[in-house]
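make a model of this:
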Amino acid sequence: MAEKNRQHYVPKFYLRNFSDSVKAIDTYNITNSKYIPNASIKDMCQKHNFYGADKKMENFLNEEIEAKASSIIRRILDTNEFPNNMEDYLHLVMFLLVSEARNLKHADSTNNMADYVAKTIMKEHPDFKNFDLEEFKIELNEPANHSIEAAIEGVRFVHDLVPLLIVEQTGARRFITSDNPLIRYNSFYITKRYPGGFGYINRGMQFFFPISSQKCILLYDSLAYEIPEAKDGVLTLRKARDVDQLNEFFYFNAYNNVFFNQKTKKEYIEGIHFRNSRTPKIKELEREISSFKSVDSDGKLIHFSQNKISKRVNFSWIKISKYANDLKIPSHMGGINRTENHFIREFLQKEKIMFEKNHPSFKERYYRADKSQG
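Below you'll find the model as predicted:
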């Protein structure tokens, strides 16, 4: 019975792409700084009834997402080509986004936010005056499930990003991966020291997703970046330091565990781990929430933002385009978005109408304030 209730938040087929064995993979546990050779794949990245005891979401992921995605990824690994069929390509993109939404990191972040918000409200309520709120934790049932639905809806916002297959051909290195394998990044925003930039709609968005020990998918904003050495959608890396840089990057995004091929030496992974001992960890969920006292009421403003890699990583093979460099960086935090995608344009227009409907005009408020001061 316990075996049947074991639900994986990283697919077993995915981990097998990094291993010489169908049953085991070398693992490094970050929290305990522990190397685990040939760890059982079926025991990795799983939790009891993670998506619910009714198995509806688990069956959906297995039958509607993973089954097709595994064959698409296998064809990419065999041919170095992305699907020509748009339906297959969009399914691949959906698998990538769902891979982030379905995992333990995302679920724990959601629960952490729910716990914080609920307790913030309870502290102000007289019925909970004598309760020690730190004695218990408030969690959602199946917190990953709603995120999965949102990720599927998000495919339309990233279909304009250009796919690139990064191929390792150093002869001396292998790509690693983790229990949080989809990496959101934005070299453009980070280089400009502009906050945020990790949303589906942002200018300069990048999604890295290693798919085997020798190949990695990158979806990128082609108006923001140039990759001169790419040919026919493939970038070949022949320098070990380029692979080392990506592996360190993948390590930054890990939640609990890093996974790697048996040919990758323990000392190589330990070197990455100890070199970055002071680098902020994705696992530090307390960094995701901050609160501010409201200036015009007794309330609080709560800001929630999931941890992403904010360290500047200068990849030698990708350049920020002249178009992006010439963009004017706004003084506000609204960001710069990829409005050439019509789904993003429609979304932003609806958000604007909704905001104007539910909020007084900032322009009118400031104009009245200026007049009263005169």
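
chain center to whichever strand or helix holds Ile76: distance?
Per DSSP states H and E: Ile76 is located in helix 67-79. Remark: helix 67-79 is offset 21 Å from the chain centroid, using Cα atoms, centre = their mean, to the nearest Å.

cool, and stretch 335-347?
Centre to centre, stretch against its chain (Cα atoms, centre = their mean), the figure for stretch 335-347 is 20 Å.

that one - what's its average pLDDT?
Mean pLDDT, stretch 335-347: 95.

just stretch 104-115 next, same as before
Mean predicted confidence for stretch 104-115 is 96.

what's in contact with that stretch?
9, 45, 47, 50, 100, 137-140, 143-144, 146-147, 179-180, 255-256, 282-283, 285-286, 288-289, 304, 306-307 (Cβ atoms under 8 Å, 6 or more residues apart in numbering). For glycine as for every other residue, the C-beta is placed from the backbone atoms N, C-alpha and C.

do stretch 11-26 as well
35-42, 44-45, 66, 70, 73, 77, 99, 174-177, 181, 210-213, 259-264, 266.

ok, of these, which come out buried?
Buried by 16 or more other Cβ atoms under 10 Å: 35-36, 39, 41, 44-45, 66, 70, 73, 99, 174-177, 181, 210-213, 259-262, 264, out of these.

of the residues you listed, which belong to strands?
Judged by DSSP state E, strands contain the following of these: Tyr35, Ile36, Ala39, Thr177, Pro210, Phe259, Phe260.

so which of the residues you listed is the closest to Gly334?
Pro210 (32.3 Å; Cβ to Cβ).

for Gly233, see how far away that closest one is.
Between Pro210 and Gly233 the computed distance is 17 Å (Cβ to Cβ, to the nearest Å).

same check on Ala240?
Going from Ala240 to Gly233 by Cβ to Cβ gives 23 Å.

all strands of the stretch 151-300 of the chain, in order?
For the stretch 151-300 of the chain, the strands defined by DSSP state E, counting those that start in this stretch occupy 162-168, 177-178, 183-185, 206-210, 215-220, 225-226, 234-237, 257-260, 289-293, 300-304.

by contact count, what packs against the second one?
Translated: strand 177-178. Counting contacts by 3 or more Cβ pairs under 8 Å, 6 or more residues apart in numbering; DSSP states H and E, strand 177-178 is packed against helix 240-252, strand 257-260.

ditto for the last one
In terms of contacts (3+ Cβ pairs under 8 Å, 6+ apart), strand 300-304 is packed against helix 104-123, strand 289-293.

save the ones you listed as CSV, and put in mean neighbour count too.
Below are the helices and strands packed on strand 300-304 laid out as CSV (neighbours: other Cβ atoms under 10 Å):
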stretch, mean neighbour count
helix 104-123, 18
strand 289-293, 12
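
of those, which is nearest Gly334?
Across the helices and strands packed on strand 300-304, closest to Gly334 is strand 289-293 (Cβ to Cβ), at 18.3 Å.

hmm, who's touching the closest one?
With Cβ under 8 Å, 6+ apart, strand 289-293 has contacts from Asn112, Met113, Tyr116, Thr120, Lys300, Leu301, Ile302, His303, Phe304.

from Met122, how far out is the first one?
Taking Cβ to Cβ as the measure, Asn112 and Met122 are separated by 16 Å.
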